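Asker: my questions are about this predicted structure, shown below with the sequence.
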Amino acid sequence: MNFEWDGRKNKSNIAKHGFDFANDMNNTSKTDWARIDAMTDEEIDTSDIPPLSDEFFVKAKLRLPVSSNATVTVEVDTETLEWFQQQGEEAGKQMSAALRIYAEAHKYTDT
């Protein structure tokens, strides 16, 4: 795919959004990502993050990005299916979310 630089559009972006593609896209991060990746959970300072209250979790809703889904038939034990159905009308979406979370958590682990 070929792109052609449009100086007028860039000036318009700067005026409208305060973003200059010519300069801002060439900046590289000064973050030491290797050091961040090597940190353990215990080394991360979370002291400035307030604890989440029970009220937060009561009001919290799981929101996932819309993505393309495939329709499949999967055998699920009765007890698990009933539990998901007891959670509300969105049982299928909740099961899909649980599978996605599991898959993401195990994506980079040895099998």
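Answerer: All right, it came through fine. This structure is a prediction, so every number in the text was calculated from the model and none was measured.
Asker: correct me, but Ala97 touches Arg63?
Answerer: No: using Cβ atoms under 8 Å, Ala97 makes no contact with Arg63, being 9.8 Å away. In this view, the C-beta of every residue, glycine as well, is placed from N, C-alpha and C.
Asker: so between these two, which is more surrounded?
Answerer: Remark: of Ala97 and Arg63, Ala97 carries more neighbours, 14 against 6, as counted by other Cβ atoms under 10 Å.
Asker: for that one, pull up the helix or strand it's in.
Answerer: Ala97 is part of helix 91-106 when elements are defined by DSSP states H and E.
Asker: what is the mean pLDDT for that helix?
Answerer: Helix 91-106 shows a mean pLDDT of 88.
Asker: which strands or helices does it pack on?
Answerer: Applying 3 or more Cβ pairs under 8 Å, 6 or more residues apart in numbering; DSSP states H and E, we find helix 91-106 packed against helix 78-86.
Asker: can you pull the buried residues of the helix it packs on?
Answerer: For helix 78-86, the neighbour count (16 or more other Cβ atoms under 10 Å) marks Phe84 as buried.
Asker: just for the chain, where's the confidence low?
Answerer: By pLDDT under 70, the low-scoring segments of the chain are 1-3, 24-27, 110-111.
Asker: what about the helices in it?
Answerer: 7-17, 21-24, 33-38, 54-59, 78-86, 91-106 (DSSP state H).
Asker: Asn69: which of the ones you listed is closest?
Answerer: When these are compared by Cβ to Cβ, helix 91-106 sits nearest Asn69, at 6.9 Å.
Asker: gap between the closest one and the chain center?
Answerer: Centroid displacement of helix 91-106 relative to its chain, using Cα atoms, centre = their mean, to the nearest Å, is 13 Å.
Asker: quick one: that helix to helix 78-86, angle?
Answerer: 110 degrees (axes from the mean of the first three to the mean of the last three Cα atoms, to 10 degrees).
Asker: buried residues, helix 91-106. List them.
Answerer: Neighbour-count burial for helix 91-106, counted by 16+ other Cβ under 10 Å, picks out 94-96.
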